[in-house]
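1. Using only what follows, build the 3D model:
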Amino acid sequence: MGREGSGGGGGAVSEGVLKKVLLSYAYVAIWIFLSFTVIVYNKYILDPKMYGWPFPISLTMIHMAFCSTLAILLVRVLRLVDPPSSPPMTRALYLSSVVPIGALYSLSLWFSNSAYIYLSVSFIQMLKALMPVAVYSIGILFKKESFRTSSMLNMLSISFGVAIAAYGEARFNGTGVGLQLGAVAFEATRLVLIQILLTSKGISLNPITSLYYVAPCCLAFLLVPWSVVELPILRARSASSLRPDLLIFGTNSLCAFALNLAVFLLVGKTSALTMNVAGVVKDWLLIAFSWSVIRDTVTAINLFGYAIAFLGVAYYNHVKLQALKAKEAQKKAAQADDEAGKLLDQVDGSGGDRKGDSQA
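-> Okay, here's the model as predicted:
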């Protein structure tokens, strides 16, 4: 009887574990699909050889306006999502924490979308492999990371791999590379500042509340370069030459909004490290898609260089995983010590009571 019950419990446990694993794979698949879709969709809209609407700031502003509207609807009108209450988002906190993050996010999106006009999807993904290098370097600058020789050698190996991939790029464009490297730098700075300005203050934002606070700020910042760079061109062109399509821009904006929800699901239900690992899989899929479907030229030198960078990124993720496991083990050990200490206090207390009773 006891063994049968134990076996049934084991079956229930393994079924629960299997369900959790399958859900994790589902979150990863959804995020990869949506991220893949948004990247290819943006490339299709912005590339002069495809849809031919080369206005990256305008496209980014459409995304931010759409996301702002939906976020405000969900938070303020329908009240399906609550803004953070501890600590509350005061005006001073918004100006000191959210506004700098919004400014960096607007620059990151503007530069990354602009790069699609000049570079292939595959080469952009190869350049994005520099993100760990940028995050680590800026983390050291802001004293959020400590300098380690092994980490720096790993960062140099990633950079070396990306440099080889750039050397072998058939459609190398200096403007596009500069824009994408700028996007990586701005995004890395934003990620570090989120830790400094929000996480350290106990503020936790999900993608809906993040968009609620950040998207309108992004929209306001983008108005400045848009009015100088793109508005004069848009005014000079006729409405027919712009070929606006509500279906294309509407579905593109919806995909961008859904991607934010997918990030919340993936990071909230698994971890940010899982998203990093999934991002490597997505990059290889995009490179294969760019070569086979879009017919971008991918050279052997491209692949060799990216393979070196990929190994460096894989090692970076491995080190992060080991550090996370060590932190979790340390946390569990500390909890066990606390529980043991409380148990000893209870034993000593009850022993003292019994001694007092015997003396009485």
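2. how close does K201 get to A92?
-> To A92, K201 is 12 Å away according to Cβ to Cβ, to the nearest Å. Placement of C-beta: from N, CA and C, glycine included.
3. who has more neighbours, the two?
-> When K201 is set against A92 and neighbours are counted by other Cβ atoms under 10 Å, the residue ahead is K201, at 12 against 8.
4. what's downstream of the helix or strand encompassing A29, the next helix or strand?
-> If you go by DSSP states H and E, A29 is part of helix 2-46. Per DSSP H and E, the first helix or strand lying C-terminal to helix 2-46 is helix 56-72.
5. That next one: which residues count as buried?
-> Neighbour-count burial for helix 56-72, counted by 16 or more other Cβ atoms under 10 Å, picks out 56-68, 70-71.
6. Am I right that F142 is in contact with S200?
-> No. Assessed by Cβ atoms under 8 Å, F142 is found out of contact with S200, at 11.3 Å.
7. hey, what's in contact with both of the two?
-> Applying Cβ atoms under 8 Å, 6 or more residues apart in numbering, one finds that no residue jointly contacts F142 and S200.
8. Make sure G202 is actually in contact with P87.
-> Yes. Using Cβ under 8 Å as the test, G202 is close enough to P87 to be in contact (6.3 Å).
9. and V38, how many residues sit next to it?
-> There are 19 residues near V38, going by other Cβ under 10 Å.
10. if I read this right, it contacts F257, doesn't it?
-> No. Judged on Cβ under 8 Å, V38 makes no contact with F257 at a distance of 9.8 Å.
11. distance of I117 from T175?
-> 9 Å.
12. So those two - more neighbours on which side?
-> When I117 and T175 are compared on other Cβ under 10 Å, the one with more neighbours turns out to be I117, at 17 against 12.
13. From the contact counts, what lies against the strand or helix carrying that one?
-> Secondary structure assignment for I117, by DSSP H and E: helix 99-118. Applying 3 or more Cβ pairs under 8 Å, 6 or more residues apart in numbering; DSSP states H and E, we find helix 99-118 packed against helix 2-46, helix 56-72, helix 121-127, helix 174-193, helix 207-229.
14. In the fourth one, which residues are buried?
-> Neighbour-count burial for helix 174-193, with 16+ other Cβ under 10 Å as criterion, is recorded at 176-177, 179-193.
15. orientation of it relative to helix 56-72 in degrees?
-> Here helix 174-193 runs at 30 degrees with respect to helix 56-72, directions being taken by axes from the mean of the first three to the mean of the last three Cα atoms, to 10 degrees.
16. which residues are contacting helix 174-193?
-> Counting by Cβ under 8 Å, 6+ apart, 100-101, 104-105, 107-109, 111-112, 114-115, 117-119, 124, 127-128, 130-131, 134-135, 137-139, 142, 144, 166 sit against helix 174-193.
17. Keeping just the C-alphas, turn that helix into CSV.
-> Provided in CSV are the C-alpha atoms of helix 174-193 (Å, rounded to 0.1, in the frame of the first residue of the first chain):
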residue,chain,number,x,y,z
GLY,A,174,29.7,51.6,-42.6
THR,A,175,26.6,53.6,-41.9
GLY,A,176,24.5,50.6,-41.1
VAL,A,177,27.3,49.1,-38.9
GLY,A,178,27.6,52.3,-37.0
LEU,A,179,23.9,52.5,-36.4
GLN,A,180,23.7,48.9,-35.2
LEU,A,181,26.7,49.3,-32.9
GLY,A,182,25.1,52.5,-31.5
ALA,A,183,21.8,50.6,-30.9
VAL,A,184,23.7,47.9,-29.0
ALA,A,185,25.5,50.5,-26.9
PHE,A,186,22.3,52.3,-26.1
GLU,A,187,20.4,49.1,-25.3
ALA,A,188,23.2,47.8,-23.0
THR,A,189,23.3,51.2,-21.1
ARG,A,190,19.5,51.0,-20.7
LEU,A,191,19.8,47.4,-19.3
VAL,A,192,22.4,48.5,-16.8
LEU,A,193,20.5,51.6,-15.8
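18. Show me the helices in the stretch 251-360 of the chain, by range?
-> Along the stretch 251-360 of the chain, the stretches classed as helices by DSSP state H, counting those that start in this stretch are 272-292, 300-359.
19. can I get these in a markdown table with distance to V28 and mean neighbour count?
-> Conversion of the helices of the stretch 251-360 of the chain to a markdown table gives the following (distance: least, Cβ to Cβ, whole Å; neighbours: other Cβ atoms under 10 Å):
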| stretch | distance to V28 | mean neighbour count |
| --- | --- | --- |
| helix 272-292 | 5 | 17 |
| helix 300-359 | 14 | 13 |
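20. Which of the ones you listed has the lowest mean pLDDT?
-> The weakest mean pLDDT among these belongs to helix 300-359, with a mean of 76.
21. and the angle from that helix to helix 272-292?
-> Here helix 300-359 points in a direction 170 degrees away from that of helix 272-292 (the same axes, to 10 degrees).
22. Can you name every helix or strand that helix 300-359 contacts?
-> Contacts defined by 3+ Cβ pairs under 8 Å, 6+ apart place helix 300-359 against helix 121-127, helix 131-141, helix 149-167, helix 272-292.
23. quick check: angle from the longest one to helix 131-141?
-> Same thing as helix 272-292. Interaxial angle, helix 272-292 versus helix 131-141 (the same axes, to 10 degrees): 140 degrees.
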